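Peer 1: sequence first, then the predicted structure:
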Amino acid sequence: MSRIAILGAGIGGVPMAFEMKELARKGDEVIVVSDSPTFHFVPSNPWVAVNWRRPKDIKVELAPIFRKKGIEFIQKAAARVEPEANRVVLADGSSVDYDYLVIATGPRSAFDEVPGLGPDGFTESVVHVDEADAAAAKWDAFVADPGPIIMGAVQGASCYGPAYEFALIVETELRKRKIRDRVPMTFVTAEPYVGHLGLGGVGDTKGMFESVFRDRHIKWITNARVNRVEPGKMYVTVVDDEGNDRDHHELPFKYSMMIPAFTGIDAVRDIKGLVNPRGLVIVDNHQRNPTFKNIYSVGACIAIPPVEKTPLPVGAPKTGYMIESMVAATARNIRAELDGHEPDNEGTWVALCLADLGDTGIAFLADPQIPPRNITWSSQGKWVHLAKIAFEKYFLRKLRKGVSEPFYERWMLKKMGLSRLKKHTERL
């Protein structure tokens, strides 16, 4: 019998554990290692940062759910993966041996790459629920004494949706409070144009976001390299299409939320053959590492190339539907190996996103994620805002019940299709 360890219990790790437990043989062990006792629903983090949600609303205790499923749960931080020894060393000095390892940790936020960036500096973040909660405390102080806001994503970022969502959620909240007129807003991004999203745009996302920003009086600066952040001031260089410095800005702010670039977590960084220079896990088409063939990886911690060359580094996102397909392929490939066969399942790298914009939203589908595409679709309307709420409620309800397939986006496409989903949410 085999020991299958899953490192991480987030949007990739929890579904991975459920699916692997279903596909494993009787007697195989499925073990989850996480530094947190709870799962948190990452897509809701922008809502947490403006107090539209509290952390407890989007957190789920993991131990009872895993216990019910017969999945061993070790709530400890990982210190180091030792591939040659088939072992994960934990922070307390203990270790977990494995026959197969699935790395599903998510990434490390590289705030250190820009001086003054991040919660330990002078900007907020919505990458993690705890960071979003800290941002909410700063938000309360800000609305009592408002001023300029800067939001966006720095060079090398690969997660742009939350930056756009947060900007428009904030704008909506300011209008509700009737203080929007006191808050100049600027969106700063390394993307070559707004709506690029790390995907080269999807349909008319460029036109959609430009239109929304104009309608809501949000200025934007693209091809922007954030050099450093100081209290109340962000220093930004704008580059031209060749990447040469073109302009410089000193932007004042009273509140700022910037998405950082990502690296791999410390437990896997610098392991030759396992990760790329940024510490992200190298995988083949079957989610398996080419060097250590009993190690798989899913989610935002894997290395995938940018969609296209841009003047500043712009990474490709890993959206929920894509992660779900990685999980399904990985579980089936490990089962194939357990049965003595070579892996042959591949994930469907489709980018599907519902971006909430406070009181409306933008949805897009890119199939495949990297152009040229078979399907390029985008749509805008209140139905997206409602669908995002339904997405959250469905996922968390299923997870709290320990349902084995809490994959809303897969269900959304399979059961309803996009046109039926739009009509359904418009009736809510």
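Peer 2: Yep, it's here. Not measured: the values here are computed from a predicted model. Residues are numbered from 1 along each chain as shown.
Peer 1: where does the chain have low pLDDT?
Peer 2: 404-428 (pLDDT under 70).
Peer 1: Ile304 against Lys318, yeah?
Peer 2: Yes: if you go by C-beta atoms under 8 Å, Ile304 and Lys318 touch, sitting 7.3 Å apart. For glycine as for every other residue, the C-beta is placed from the backbone atoms N, C-alpha and C.
Peer 1: the two: which is more packed in?
Peer 2: Lys318 (26 against 19; other C-beta atoms under 10 Å).
Peer 1: for the more buried one, which non-adjacent residue is closest in space?
Peer 2: Nearest residue to Lys318, sequence neighbours excluded (C-beta to C-beta, 6 or more residues apart in numbering): Ala300, at 4.7 Å.
Peer 1: likewise for Pro231?
Peer 2: Phe122 is the one closest to Pro231 (C-beta to C-beta, 6+ apart), at 5.5 Å.
Peer 1: burial of the one you found, as a residue count?
Peer 2: 19.
Peer 1: what do you get for Phe292?
Peer 2: Phe292: 18 neighbours (other C-beta under 10 Å).
Peer 1: what of Thr172?
Peer 2: So Thr172, with other C-beta under 10 Å, has 20 neighbours.
Peer 1: now Val96
Peer 2: Neighbour number of Val96 under other C-beta under 10 Å is 21.
Peer 1: what about the residue nearest to Lys318, distance to Glu324?
Peer 2: 13 Å (C-beta to C-beta, to the nearest Å).
Peer 1: more neighbours, those two?
Peer 2: Neighbour count, other C-beta under 10 Å: between Ala300 and Glu324, Glu324 has more, with 28 against 25.
Peer 1: about what we covered before: which residues does the residue nearest to Lys318 contact?
Peer 2: 12, 106-107, 158-159, 262, 318, 323 (C-beta atoms under 8 Å, 6 or more residues apart in numbering).
Peer 1: next one: Gly201
Peer 2: Contacts of Gly201 (C-beta under 8 Å, 6+ apart): 193, 195.
Peer 1: SS state for it?
Peer 2: coil (DSSP: H, G, I helix; E, B strand; the rest coil).
Peer 1: which residues of the stretch 101-250 of the chain fall in helices?
Peer 2: In the stretch 101-250 of the chain, the segments counted as helices under DSSP state H, counting those that start in this stretch are 129-144, 161-176, 205-215.
Peer 1: deepest-packed of these, please.
Peer 2: Of all the helices of the stretch 101-250 of the chain, helix 161-176 carries the top mean neighbour count, a mean of 23, counting by mean count of other C-beta atoms under 10 Å.
Peer 1: from the contact counts, what lies against that one?
Peer 2: When contacts are defined as 3 or more C-beta pairs under 8 Å, 6 or more residues apart in numbering; DSSP states H and E, helix 161-176 packs onto helix 45-48, strand 149-153, strand 185-189, strand 255-259, strand 351-356.
Peer 1: how far out from the middle of the chain is that helix?
Peer 2: 18 Å (C-alpha atoms, centre = their mean, to the nearest Å).
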